[in-house]
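> one predicted model, sequence on top.
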Amino acid sequence: DTGVSQNPRHKITKRGQNVTFRCDPISEHNRLYWYRQTLGQGPEFLTYFQNEAQLEKSRLLSDRFSAERPKGSFSTLEIQRTEQGDSAMYLCASSLLDRENEKLFFGSGTQLSVL
Amino acid sequence: GENVEQHPSTLSVQEGDSAVIKCTYSDSASNYFPWYKQELGKRPQLIIDIRSNVGEKKDQRIAVTLNKTAKHFSLHITETQPEDSAVYFCAAKETSYDKVIFGPGTSLSVIP
């Protein structure tokens, strides 16, 4: 499978713990996005990268969230001191930017449950 | 920043009828408008997209129209089939920061 891969698929953690998720994009894609999705809602933008550079982080995002994309390949999303409100599906998407057109390929997501 | 709204939030149609989903966006500089379909338990997938220099685009039973003056665009599905049942998300590409922003989604149910 050469699509976008996310690990783990599910994560259950206790409030206050730190969690880290990994995303492996399609190899030739230069862009990588992180979105958060709760039931009945659209994907909420968190942050995105072009190659290894983080272009923007949502102003609504707590400082407890951080993301990296070393060497412009895989990316990690870390949440420190998790809260119950962090429970959601975390989606990663990658794309090959072609002028304005940008087809996003999504991973299967990591479902986070904070107890 | 860009804000995308979508209506209706839920839509039920009889098989064979047409379905229309409407979206509005706030940033007049946005120039790329994709639509994604998310089936239950699956990842979102692009079904059609349109650029701002085009008013309408068709692909078999689906079409998208864009009105840049009014800042709204619509998805039209004709001859709906049960497999069209899914959540549909519109999105806009915010030129200034160059990222894709999604609407809240429309849950479409096609009743056989």
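Sure thing, it's come through.
> show me what from chain B comes close to chain A.
B:4, B:6, B:31-32, B:34, B:36, B:42-46, B:49, B:51-52, B:89, B:93, B:95, B:97-105, B:107 (C-beta under 8 Å from any C-beta of the partner chain). Just so you know, the C-beta spots here come from the backbone N, C-alpha and C atoms, and that holds for glycine as well.
> of those, select the buried ones using a ChimeraX command.
Here is the ChimeraX command that selects the buried residues among these (16 or more other C-beta atoms under 10 Å in any protein chain shown):
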select /B:4,6,31,32,34,36,43,44,46,49,52,89,93,95,98,99,100,101,102,103,104,105,107
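> with just CA atoms, put the lowest-mean-pLDDT helix or strand in chain A into CSV.
None of the helices or strands of chain A scores lower by mean pLDDT, DSSP states H and E than strand A:53-57, at a mean of 90. The C-alpha coordinates for strand A:53-57 follow below in CSV (Å, rounded to 0.1, in the frame of the first residue of the first chain):
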residue,chain,number,x,y,z
ALA,A,53,9.1,23.7,6.9
GLN,A,54,6.1,24.2,9.1
LEU,A,55,4.1,26.9,7.3
GLU,A,56,1.4,27.5,9.8
LYS,A,57,-0.1,26.3,13.0
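> quickly run through the sheet partners of the helix or strand following it, with directions.
Going down the chain from strand A:53-57, the next helix or strand is strand A:65-68, by DSSP states H and E. Its sheet considered, strand A:65-68 pairs with strand A:75-79 (antiparallel) by DSSP bridges.
> ok, and what's touching the strand it pairs with?
A:18-23, A:25, A:32, A:34, A:46-47, A:49, A:64-69, A:86, A:90, A:92, A:112 (C-beta atoms under 8 Å, 6 or more residues apart in numbering or on different chains).
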